[in-house]
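1. Task: produce atomic coordinates for the following.
(one chain, ligands or ions: 1)
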Amino acid sequence: MKIIITPLDLKEYLKTNRKTIGFVPTMGALHEGHISLIKEARKNNELVVVSIFVNPTQFLEGEDLSTYPRKDDADKKICELSGVDILFFPHADDIYGKDEVSVLSPNVRGYILEGYSRPGHFNGVLTVVNKLLNIVNPTNAYFGKKDAQQLNLISLMVKQLFMNVNIIAMDTMRESDGLAMSSRNAYLSKEERIEALKISSSLQVAFGMVNRGLTDTKVIESKMRETLHTLEVFYVAIVNRDFEQIQTIEIGNTIVLVEVKVGTTRLLDNIWL
Ligand code: PAF
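-> Residues are numbered from 1 along each chain as shown. Prediction:
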């Protein structure tokens, strides 16, 4: 595996490349969720590129940028063992300079749900993903469905900016007890880890109700909130694939989303119906 630090070196290295490239952008602290993206990229592309970059512009003032888990040595090992060809590991000043041009997320879709509790967060995500896609120029780029709103906005950006990449959405990986895998799970104490299980339980409640034929989203949301009542809930929402609130479940076109705070850690999860 080759480790490359600067965008210019990576572009230079890939310049004569005629292979299909699978790209997995990450912020490091890799877990099984990331590994599943890398494995899928490995299966379907000749060259696999992973980036590790804790992107400062997607963190708001007072958020966990300085304490975000960093596991550089373990991450390098994981990438090597998962068959990554190139690990792109830039510093912040390799990616950002003075007087930055940025990509703005749409007013509604980028400022509801997670974008409401973290205003401007998605501008940072889109800006860095745009840069990374321009540097790597991949055939396929892999993102997890756990960050459903992020995935939706990235797909929209790629479509609206006529970018030449396929966005591949991958299912959420879960611990055996149902907790969605996330780098931020590392912040949880033993007690908080147990509390956090209420997130996936609330989604199971929604799944069960839909399975029994219930389609009224208000009723489902309120049952989910009962399961989550001991936690600080940022949102419980049921939307269609365009992130519009819906009154009735539409099978094949619905996402049920939750974001809560457990202790000081913000955790999100969702199911696609
Ligand atoms: O999902 C993430 O890890 C980040 O938001 C991403 C897509 C790598 C952009 O920094």
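
2. I'd assumed E221 was in a helix, is it?
-> Yes: with DSSP: H, G, I helix; E, B strand; the rest coil as the criterion, E221 is part of a helix.

3. who's in contact with it?
-> By Cβ atoms under 8 Å, 6 or more residues apart in numbering, E221 lies in contact with V236, A237, I238. Every C-beta, even on glycine, is put in place using the N, C-alpha and C of the backbone.

4. which residues does the closest residue in space to the last one that isn't next to it in sequence contact?
-> Which is I238. Of all residues not flanking I238 in the chain, T217 sits nearest, at 4.1 Å (Cβ to Cβ, 6 or more residues apart in numbering). T217 makes contacts with I238, Q245, I246, Q247, T248, I249, as judged by Cβ under 8 Å, 6+ apart.

5. Output those residues as a markdown table; include the columns neighbour count, pLDDT and distance to the ligand.
-> As requested, the contacts of T217 are arranged in a markdown table below (neighbours: other Cβ atoms under 10 Å; pLDDT from 0 to 100; distance: Cβ to the nearest ligand atom, whole Å):
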| residue | neighbour count | pLDDT | distance to the ligand |
| --- | --- | --- | --- |
| I238 | 24 | 98 | 23 |
| Q245 | 11 | 96 | 24 |
| I246 | 16 | 98 | 25 |
| Q247 | 10 | 98 | 30 |
| T248 | 11 | 98 | 31 |
| I249 | 20 | 98 | 27 |
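
6. Now do the same contact list for the residue of the stretch 151-273 of the chain at minimum distance from the ligand.
-> The stretch 151-273 of the chain approaches the ligand most closely through I154 (7.3 Å), counting by Cβ to the nearest ligand atom. I154 makes contact with V125, L126, V129, F143, I167 under the criterion Cβ under 8 Å, 6+ apart.

7. Please list which of these also come close to the ligand.
-> Among the contacts of I154, proximity to the ligand is found for V125, V129 (Cβ under 6 Å from any ligand atom).

8. Among the contacts of I154, name the ones in helices.
-> When DSSP state H defines the helices, the subset of the contacts of I154 inside them is V125, L126, V129.

9. So the second one sits against S105, correct?
-> Yes: counting by Cβ atoms under 8 Å, a contact exists between L126 and S105, whose distance comes to 5.6 Å.

10. any common contacting residues for those two?
-> With Cβ under 8 Å, 6+ apart, L126 and S105 have common neighbours L153.

11. Helices of the stretch 151-273 of the chain, start to end?
-> All helices of the stretch 151-273 of the chain, identified by DSSP state H, counting those that start in this stretch, fall at 190-195, 197-211, 217-227.

12. for the stretch 1-150 of the chain, that is, sorry about that
-> 7-14, 32-44, 72-81, 92-95, 114-117, 121-136, 148-160.

13. May I have the last one exported as CSV, CA atoms only?
-> Right, helix 148-160. Only the C-alpha atoms of helix 148-160 are listed here, as CSV (Å, rounded to 0.1, in the frame of the first residue of the first chain):
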residue,chain,number,x,y,z
ALA,A,148,-28.4,9.3,5.0
GLN,A,149,-28.7,13.0,4.7
GLN,A,150,-25.0,13.4,3.9
LEU,A,151,-25.4,10.6,1.3
ASN,A,152,-28.5,12.4,-0.2
LEU,A,153,-26.7,15.7,-0.5
ILE,A,154,-23.6,14.2,-2.0
SER,A,155,-25.7,12.4,-4.6
LEU,A,156,-27.5,15.7,-5.3
MET,A,157,-24.1,17.6,-5.7
VAL,A,158,-22.7,15.0,-8.0
LYS,A,159,-25.9,15.1,-10.2
GLN,A,160,-26.2,18.9,-10.2
